[in-house]
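Peer 1: quick one, what's the 3D model for this:
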Amino acid sequence: MQAFSALSAQVRQYLLVTGNYWAFTLTDGALRMLVVLHFHTLGYTPLQIAALFLFYEIFGVITNLVGGYLGARLGLNRTMNIGLGMQVVALLMLAVPTAWLTIPWVMGAQALSGIAKDLNKMSAKSSIKLLVPDSQQGTLYQWVALLTGSKNALKGVGFFLGGALLALLGFTGAVLAMAALLALIWLGSLVLLKKDLGKARAKPKFRDILSKSRAVNVLSAARLFLFGARDVWFVVALPVYLSQVFGWDFWLVGGFLAAWIIGYGIVQSFAPHITGKQRGHVPDGRAAFTWALVLAGLPALIALGLAADGSEQAVLLGGLMLFGVLFAVNSSLHSYLIVSYAKEDGVSLDVGFYYMSNALGRLLGTLLSGWVFQQYGLAACLWVSSGFVLLAALISIALPRHQTPAS
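Peer 2: Next up, the predicted model:
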């Protein structure tokens, strides 16, 4: 505790925000895996499972728009703590007898979880902008990469945790255990997080939820297709395919998805070194276009590999691990660029608008993941993924191109 007190105020707040975000992410990843696997065993079709996440993604879109406005008016500490509290309630809603777990009830719980997740994420990402001076863009890129990468690594741990808890405690026991842990984190956050963090000096109008920045709008459009390209095969299609076609059990499905997300998060943390920070510059729109273009053809190649004679498991799993590496660099670039583009006063407005597009992309990808997989199979999901990444690359051509020396 003495070592923590000796740190600068900015670093202490960064660690608190990151720890808060980590705790939430563990339960979010575990809950997603619990829902997919549990309801698959109950006989739900892939499209029905995708429908369970429909409100999660829809309310994520709304929350990022309204949440950015609330963060600017109330302070990011309050929106972050509200998100944590809502996740506890969402988990408790699922700790009911199996007969109560109807599709509308689960969709309602997922809606609450979606609001909670995006309030928490918007608050965490926006806070970093306020803890690093504008002159230190290299430091800003590094801090954003570490926050995002560590979060996604823990989300992978959450996937594995979800599969393990389902096998060990059952569905009800798993959600109760996570609700108890997150409630303790929430109480600590209420006490320790800085008051009025991110509160705008000028009270924003509700119409300010729509970004007036061309760079933010272009990046948001690219983000929509980038994350739609991941979720179109990741959310429903892949776990159900691994279970149905390869015959994997809960431990193996959760373990692979966990390894994918953990590797993805580790690469995100090192993205500044991959994209040239050590050579004295931080990325711009040109880098976003180039890395998206590199990624665009990979899902199509995996789909072609599945149709050819050979080891289907090696092609699919190896290809998707490579996709994770390239996708991590793209995602980290975007996460830095939005924080860099956002205006400092009322930063959550721009960040909230951007993550609204992120949530819209996830919504589109989730729906397509269930429908395209059910109708046409996993290979079709991968072809859609390639098309989406190509669209993200083409949109990125319009991003600002400049080089800012890294500090």
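Peer 1: average pLDDT for the strand or helix carrying Val66?
Peer 2: Val66 belongs to helix 54-74 when assigned by DSSP states H and E. For helix 54-74, the mean per-residue pLDDT is 75.
Peer 1: for it, output the C-alpha coordinates as PDB.
Peer 2: What follows is helix 54-74, C-alpha atoms only, in PDB (Å, rounded to 0.1, in the frame of the first residue of the first chain):
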ATOM      1  CA  LEU A  54     -29.200  -9.000 -29.600                       C
ATOM      2  CA  PHE A  55     -30.100  -6.600 -26.700                       C
ATOM      3  CA  TYR A  56     -26.500  -6.700 -25.400                       C
ATOM      4  CA  GLU A  57     -25.300  -5.200 -28.600                       C
ATOM      5  CA  ILE A  58     -28.300  -2.900 -29.300                       C
ATOM      6  CA  PHE A  59     -28.100  -1.300 -25.900                       C
ATOM      7  CA  GLY A  60     -24.300  -1.100 -26.300                       C
ATOM      8  CA  VAL A  61     -24.900   1.200 -29.300                       C
ATOM      9  CA  ILE A  62     -27.300   3.400 -27.300                       C
ATOM     10  CA  THR A  63     -25.100   3.400 -24.200                       C
ATOM     11  CA  ASN A  64     -22.000   4.600 -26.000                       C
ATOM     12  CA  LEU A  65     -23.900   7.600 -27.400                       C
ATOM     13  CA  VAL A  66     -25.700   8.500 -24.200                       C
ATOM     14  CA  GLY A  67     -22.900   7.300 -21.900                       C
ATOM     15  CA  GLY A  68     -20.400   9.800 -23.500                       C
ATOM     16  CA  TYR A  69     -22.800  12.600 -22.700                       C
ATOM     17  CA  LEU A  70     -23.300  11.400 -19.200                       C
ATOM     18  CA  GLY A  71     -19.600  11.000 -18.600                       C
ATOM     19  CA  ALA A  72     -19.000  14.600 -19.700                       C
ATOM     20  CA  ARG A  73     -21.800  15.900 -17.400                       C
ATOM     21  CA  LEU A  74     -21.400  13.600 -14.300                       C
END
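Peer 1: offset the numbering so it begins at 776, please.
Peer 2: Fine by me, first position is 776 from now on; the one you just mentioned is helix 829-849.
Peer 1: next SSE downstream of it?
Peer 2: Beyond helix 829-849 on the C-terminal side, the first helix or strand identified by DSSP H and E is helix 851-869.
Peer 1: tilt between that next one and helix 829-849?
Peer 2: 150 degrees (axes from the mean of the first three to the mean of the last three CA atoms, to 10 degrees).
Peer 1: all set, thanks.
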